[in-house]
Every structure is written in C-alpha cells, then in structure tokens.
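1. coords please:
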Amino acid sequence: MLDIRITGPGEVLMKGRFDASQTDKVRAVLDQVTTTAVVDLKGLEYVSSAGLGVLLAAQKRLTEKGHQLKLANMSKHVRDIFQITRLETVFEIIET
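-> Residues are numbered from 1 along each chain as shown. Okay, the predicted model is just below:
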C-alpha cells in the first residue's frame, strides 16, 4: 500500500511501497507539481524500477521548466537503490 499526497506548497509526502501497481496513483499526484518540490520519503519502504521511472519522468518534466524534485529523508534501503542506479546524480537528495 502506498500513500502519496501533497502536504503543502512544494511539499509531497510518500510512504509505503512504491511498485508497478502504484505508478498511476503517483503519476497523478506528481503531475500536479509544477514548480520545485521536496518529496519526503521518510516512510517509503520500497521503490521498484517502475517507480523510479515515474520519479525520473517527473524530474525530466520539471527540469525542462527550470524546476526540480528534491528527495528528502530516504531510508538506507531506498538510498542504496538510488546509488546503485546512479539516480543520486539526477536528483538532489537532502536530509531534513
């Protein structure tokens, strides 16, 4: 189960398991993001390759408009996934 929601201007919260069955749900929320935003991943337990693709597509869309997704509060497991896939070079990863 995945919970994703916009919690304020430029703030998105995502927690649970982000696998292929959740891509439409996440895409619908991220499509509402039109400026630089911080996605709080504190409660994210897992992200699949399909989930990475959705995040990457949102980052590409925002970058083309001069904005970006910043990813915050990753668990060690999720951060390892971003390091292995070298996506930490695409996203700004912050600890808050």
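
2. and the spatially most central residue of the chain, what element?
-> With the centre of the chain defined as its mean C-alpha position, the nearest residue by Cα atoms, centre = their mean is residue 55, 5.0 Å away. Mapping residue 55 onto the secondary structure by DSSP states H and E places it in helix 49-63.

3. which helices and strands sit right next to the following helix or strand past that helix?
-> Note on helix 49-63: by DSSP H and E, the next helix or strand toward the C-terminus is strand 69-72. Secondary structure elements in contact with strand 69-72, counted by 3 or more Cβ pairs under 8 Å, 6 or more residues apart in numbering; DSSP states H and E, are strand 37-47, helix 49-63, strand 92-94. Every C-beta, even on glycine, is put in place using the N, C-alpha and C of the backbone.

4. hmm, who's touching strand 69-72?
-> The list of residues contacting strand 69-72 from outside it, by Cβ atoms under 8 Å, 6 or more residues apart in numbering, reads 30, 33, 36-42, 55, 58-59, 62, 82, 91-96.
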